[in-house]
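Enquirer: Here is a sequence with its predicted model. Questions after.
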Amino acid sequence: MGLNTLGRLIVFSFFGESHGRLVGSLIQGFPAGLRVDGDRIRLSLSRRRAGYGSTARVEEDSFEILTGVFKGFTTGAPLLIVVWNTDIDPGFYERIRSTPRPSHVDYPYRVRYGGFNDYRGGGFSSGRFTAGWVAAGSLAAQVLERKGVRIYAHVTRIGRASYRGEPSEDDLKRVYESPVRCVDPDASRMMMREIDEASREGDSVGGVVECRIYGVPPGVGDPLLEGLDVELARAAMSIPGVKGVEFGKGFEASCMRGSVFNDELTVRDARVEVAGFSDGGVVGGVSTGSMIVFRAAFKPTPSIARVQRTVNLEEMRSVNLDLSGGRFDICIAPRAVPVVEAVSAMVLVDHYARAGLVGRVVKD
Ligand SMILES: Cc1cc2nc3c(=O)[nH]c(=O)nc-3n(C[C@H](O)[C@H](O)[C@H](O)COP(=O)(O)O)c2cc1C
């Protein structure tokens with residue numbers, strides 16, 4: 001139960017566990033004829049692997065595409081991608097088996113799955129699981145790029161440090177040069193300080209990842225419950241650790257006047273242009289042709305080095321939980337940047353197929 005699936009015509013399914021043999025994805029309905037760029041997949045996986053303040057767990061992230069590729073091109077048959085786990089440490093989780101980590105899935109999943117869930121590192125609800133998303137998202141992005149779509153995520157906040165500027169596309173292209181994945185060097189330094197301070201105090205810290213999508217023409221998306229924004233929000237919300245998603249001005253819109261908020265229409269070079277990004281590039285579930293902008297708010301990493309209160313479920317009493325010896329990210333946001341890009345690419349490629357903009361065979 002729980003289908004772990006995204007998309008309607010191009011359908012992405014995910015599987016694996018944090019401390020099992022592998023994580024991965026199955027893609028059905030993917031167009032034939034894409035020359036698979038393995039280096040691109042490797043690059044995306046390496047960007048997810050490490051960010052400033054990330055875990056001591058180091059995975060090689062060696063992946064294999066087991067089906068659906070022949071002579072270097074996708075065949076249109078289901079694609080099965082696996083990313084092997086090598087650096088697992090199940091022993092640590094045996095020690096904390098009966099003492100659920102606050103704000104992690106340990107307690108609710110134990111109830112939900114009658115105690116049969118793989119509790120090591122959150123099982124399938126873990127940061128590790130998202131390696132399979134990133135590999136699949138990289139293939140989706142390779143299709144979209146041929147259609148002129150460019151997807152960039154970047155960190156706009158870590159704790160008290162924020163970046164409020166308007167990044168150019170060139171800034172966004174270089175964002176992985178920043179250890180915290182922020183386009184501004186001064187803000188990056190302040191964000192690193194936030195992570196260092198949390199780390200010194202045995203704590204973790206939250207952050208915001210913004211996604212900017214260029215090159216989507218007007219008219220992509222379906223209305224209401226299947227809206228492009230609805231499905232992007234669903235996908236972003238499913239990234240472990242995300243507690244909020246907003247488009248364009250988002251929550252700030254609630255204290256604005258329409259005369260200030262509204263994205264006015266103009267004509268430029270005989271084409272309609274929607275000026276401004278208040279709506280985040282989607283209205284009524286359908287793209288307006290302006291840049292798509294949304295943000296995902298990540299909570300502070302639940303596993304922290306400080307002693308916290310929890311319960312011992314065998315003895316049914318309150319106890320202290322000491323997670324020392326565990327390997328955790330101080331801040332999720334920098335590592336989540338390629339994950340946000342990946343979910344965006346997966347949702348968008350499916351909507352492109354629904355709109356007839358991606359066919360059964362990829363053509364340049
Ligand atoms: C890339 C990434 C890395 C993560 N690393 C950790 C970690 O080291 N420790 C931890 O407790 N949670 C980590 N998380 C978050 C948990 O997996 C997440 O909080 C948990 O599954 C509960 O889901 P929820 O917070 O969305 O409700 C990570 C998430 C992502 C996306």
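Expert: Received, thanks.
Enquirer: how close does the closest residue to the ligand within the stretch 1-150 of the chain get to residue 225?
Expert: Relative to the ligand, the nearest point of the stretch 1-150 of the chain is residue 127 (2.3 Å; Cβ to the nearest ligand atom). The way it works is simple: take the backbone N, C-alpha and C, and place the C-beta from them, glycine included. Distance of residue 127 to residue 225, given as Cβ to Cβ, to the nearest Å: 29 Å.
Enquirer: cool, residue 266 as well?
Expert: Residue 266 is 31 Å from residue 225, by Cβ to Cβ.
Enquirer: Please apply the same query to residue 64.
Expert: For residue 64, the distance to residue 225 - Cβ to Cβ - is 36 Å.
Enquirer: Check residue 193 too.
Expert: For residue 193, the distance to residue 225 - Cβ to Cβ - is 43 Å.
Enquirer: These two: who's more crowded?
Expert: Ranked by neighbour count (other Cβ atoms under 10 Å), residue 193 and residue 225 place residue 193 first, with 14 against 8.
Enquirer: How about the contacts made by that one?
Expert: residue 161 (Cβ atoms under 8 Å, 6 or more residues apart in numbering).
Enquirer: Pretty sure it sits in a strand.
Expert: No. Applying DSSP: H, G, I helix; E, B strand; the rest coil, one finds residue 193 to be helix, outside a strand.
Enquirer: Spatially nearest residue to the residue in the stretch 251-364 of the chain positioned nearest to the ligand (excluding sequence neighbours)?
Expert: Proximity of the stretch 251-364 of the chain to the ligand (Cβ to the nearest ligand atom) peaks at residue 303, 3.3 Å away. Spatially, and ignoring its direct neighbours in sequence, residue 303 is nearest to residue 328 (4.1 Å; Cβ to Cβ, 6 or more residues apart in numbering).
Enquirer: Residue 301 reaches residue 207, doesn't it?
Expert: No. The criterion here is Cβ atoms under 8 Å, and residue 301 misses it with residue 207 at 10.0 Å.
Enquirer: which one of the two has more residues nearby?
Expert: residue 207 (31 against 27).
Enquirer: Go through this structure and flag its longest helix.
Expert: helix 333-354 (DSSP state H).
Enquirer: If residue 293 is in a bridge, with which residues?
Expert: Judged by DSSP bridges, the bridge partners of residue 293 are residue 212.
Enquirer: roughly how far apart are it and residue 246?
Expert: 9 Å.
Enquirer: Overlap of the contact sets of those two?
Expert: Joint contacts of residue 293 and residue 246 (Cβ under 8 Å, 6+ apart) are residue 280.
Enquirer: sorry, back to before: list residues touching both of residue 301 and residue 207?
Expert: Common neighbours of residue 301 and residue 207 (Cβ under 8 Å, 6+ apart) are 331, 332.
Enquirer: ranges for the strands of the stretch 1-150 of the chain?
Expert: If DSSP state E, counting those that start in this stretch is used as the criterion, the strands of the stretch 1-150 of the chain fall at 5-6, 11-16, 22-28, 63-67, 69-70, 73-74, 79-84, 150-158.
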